[in-house]
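J.: sharing a sequence plus its predicted fold:
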Amino acid sequence: MGKCCEPQVFTGLSKGYKRALIAVILINAVMFFVEMAAGFSSQSQALKADALDFAGDSVTYAISLAVIGAAVRTRALASLFKGASLGLMALVILVTTGLRFFEGGAPEAHTMGLIGALAFLANMASVFILLKWRDGDSNVRSVWLCSRNDAIGNVGVILAGFAVAFTGSAWPDLIVAGLMAAIFLQSAASIIMQARTELKQAESTA
Ligand SMILES: [Zn+2]
């Protein structure tokens, strides 16, 4: 969660670090499917929003790996695509969260807690995989910080699950989901703005 979804510029990666990064990409991709499926089955908006973060992160790192050594224009176009899809998904979460507000009915609290805990473990696994490279270049560090912040975000989902179980209300789920979607939207906007600046610079030097 948070502003961790910024694309990174990886250069001169060692084989070991590349492998670690691919492992983290796979963990994020698998968790996207697991958490999104759980979000639909338990009707939890917070799980769906958190799943979005896994999707965003796996796509971001995969793109960053794929465009190593590519021209600035290619990298900027990849960022633009990423920012636009993240923004679109955040809007969908925001709108469906609003609709859920009128539907009423609380999500399944124990699924929220269980999958929230699984997501926490997945992010902690990423933190440990990247631990060795944490003090390397700033991009590596920012991926590490991202997984760490996401683990903190997962605690928010788990707490929302407890609050839903305790109150029998959908509110804690909707508040956490709305907050996450708003953060993604902000993140998407900053990615798009940065990509557009880079595109303009690439065109003026071409
Ligand atoms: Zn993230």
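T.: Received, thanks. Only a predicted model underlies this, so the values are computations on that prediction, with no experimental measurement involved.
J.: next, count neighbours for Asn123.
T.: Look at Asn123: counted by other Cβ atoms under 10 Å, it has 27 neighbours. Yep, even glycine has a C-beta here, placed from its N, CA and C like the rest.
J.: relative to the ion, how far out is it?
T.: 8 Å (Cβ to the ion, to the nearest Å).
J.: now for the residue lying closest to Ala66 once chain neighbours are set aside, how many residues are close by?
T.: Spatial nearest neighbour of Ala66, chain neighbours left out: Ala78 (7.6 Å); criterion: Cβ to Cβ, 6 or more residues apart in numbering. The number of residues packed near Ala78 is 20, by other Cβ under 10 Å.
J.: remind me which helix or strand Ala78 belongs to.
T.: If you go by DSSP states H and E, Ala78 is part of helix 72-103.
J.: check whether that helix contacts the ion.
T.: No: counting by Cβ under 5 Å from the ion, no contacts exist between helix 72-103 and the ion, the nearest distance being 10.4 Å.
J.: could you pull up the mean pLDDT of that helix?
T.: For helix 72-103, the mean pLDDT works out to 86.
J.: where does this structure dip in pLDDT?
T.: 1-13, 134-141, 206 (pLDDT under 70).
J.: any figure for the gap between the residue most central in space within it and Glu103?
T.: In the chain, the centroid-proximal residue (Cα atoms, centre = their mean) is Asp53; its distance is 2.0 Å. Distance from Asp53 to Glu103, counting by Cβ to Cβ, to the nearest Å: 24 Å.
J.: output the helix or strand that the helix holding Ala78 is followed by as PDB, nothing but the C-alphas.
T.: Per DSSP H and E, helix 72-103 leads on to helix 109-130 as the next helix or strand towards the C-terminus. C-alpha atoms of helix 109-130 as PDB (Å, rounded to 0.1, in the frame of the first residue of the first chain):
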ATOM      1  CA  ALA A 109     -14.800 -11.500   8.700                       C
ATOM      2  CA  HIS A 110     -12.900 -14.800   9.100                       C
ATOM      3  CA  THR A 111     -11.900 -14.900   5.400                       C
ATOM      4  CA  MET A 112     -10.700 -11.300   5.700                       C
ATOM      5  CA  GLY A 113      -8.500 -12.200   8.700                       C
ATOM      6  CA  LEU A 114      -7.200 -15.400   7.200                       C
ATOM      7  CA  ILE A 115      -6.400 -14.100   3.700                       C
ATOM      8  CA  GLY A 116      -5.100 -10.800   5.300                       C
ATOM      9  CA  ALA A 117      -2.700 -12.900   7.300                       C
ATOM     10  CA  LEU A 118      -1.600 -14.900   4.200                       C
ATOM     11  CA  ALA A 119      -1.000 -11.600   2.400                       C
ATOM     12  CA  PHE A 120       1.100 -10.400   5.300                       C
ATOM     13  CA  LEU A 121       3.200 -13.600   5.200                       C
ATOM     14  CA  ALA A 122       3.600 -13.200   1.400                       C
ATOM     15  CA  ASN A 123       4.900  -9.600   1.800                       C
ATOM     16  CA  MET A 124       7.200 -10.600   4.700                       C
ATOM     17  CA  ALA A 125       8.600 -13.400   2.500                       C
ATOM     18  CA  SER A 126       9.400 -10.700  -0.100                       C
ATOM     19  CA  VAL A 127      11.000  -8.600   2.500                       C
ATOM     20  CA  PHE A 128      13.300 -11.500   3.500                       C
ATOM     21  CA  ILE A 129      14.100 -12.400  -0.100                       C
ATOM     22  CA  LEU A 130      15.200  -8.800  -0.800                       C
END
